[in-house]
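[1] Show me the folded form of this:
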Amino acid sequence: MTAGENETICRLLASLFCPPDREMIEQIRGEAFRSFWGRYVRSWGGEPVLLKGFLMESDPQICLRDLEEEYDRLFSETNKEGVSLVESFYKPWTLDPHCTLPFSSERGLLMGDSALHLLEIFRQCGLEVADEKRGTPDHLTTELEFLSYLYRYATDVEVKQFIQDHFDWIPLLKERVERSHPHPFYRSALEVLNLFLGEEKKRLE
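    Below is the predicted model of the structure:
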């Protein structure tokens, strides 16, 4: 795949983990959407069955309602039983051996090392985090959007390092989502994300 293709793939993946809206529903209900992902999934060695969650044939209003309800159930930050889409949540708050805070090694917290690292990277690149993501700069959608940016402006070495540093938590995210018995759409979205990252890791080795 070209850098341009990877840039587009990352932008589209990010959109799958944003709160659903009418534009998203129109996009995923189109045949071009499934054809696009089918071509790449096959090239990555995946099975077409991974995409069955993207087959949404009911009325657009019903599709939107179903995904809105499921997104809120799975990923809403106000749902204490939900699944976090934030990297810091899955890692120790800090690995700094000199940190004396009693919760320094705990998981399930925000604004940990990964968030601070990303803020510094963004600063060096002259980028700013959107207001609604200032408290969670290491949100999955932000990381995918930045990875898209790297495919356009950075080297493979920098892309490889970013994937190693900031996407190693995706298997944990998949496990938590699976335990929540997700809507097939989000199962497919995670399968495609995981397949893409695995293919990129192999390519960049």
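[2] going forward, measure contacts between C-alpha atoms and count neighbours the same way
    Will do.
[3] What residues sit buried inside whichever helix or strand Phe36 is part of?
    Element membership for Phe36 (DSSP states H and E) is helix 31-43. If you call a residue buried by 16 or more other C-alpha atoms under 10 Å, then helix 31-43 has these buried ones: Arg34, Trp37, Gly38, Tyr40, Val41.
[4] Can you give me every residue that contacts the third one?
    The contact partners of Gly38, taken as C-alpha atoms under 8 Å, 6 or more residues apart in numbering, are Pro48, Leu51.
[5] try the second one
    With contacts defined as C-alpha under 8 Å, 6+ apart, Trp37 is in contact with Leu51.
[6] tell me the centre residue of the chain?
    Using C-alpha atoms, centre = their mean, the residue of the chain that lies closest to the mean C-alpha position is Leu140, 3.8 Å off.
[7] so what's the closest residue to that one other than its chain neighbours up against?
    Counting by C-alpha to C-alpha, 6 or more residues apart in numbering, the nearest residue to Leu140 once its immediate chain neighbours are dropped is Leu85, at 5.5 Å. Residues near Leu85 by C-alpha under 8 Å, 6+ apart: Phe75, His139, Leu140, Leu173.
[8] Which of those residues fall within helices?
    Using DSSP state H, the members of the contacts of Leu85 that fall in helices are Phe75, Leu140, Leu173.
[9] hmm, back to that, columns pLDDT on top of the contacts of Leu85, output as TSV?
    Output for the contacts of Leu85, formatted as TSV (pLDDT from 0 to 100):
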residue	pLDDT
Phe75	95
His139	97
Leu140	98
Leu173	97
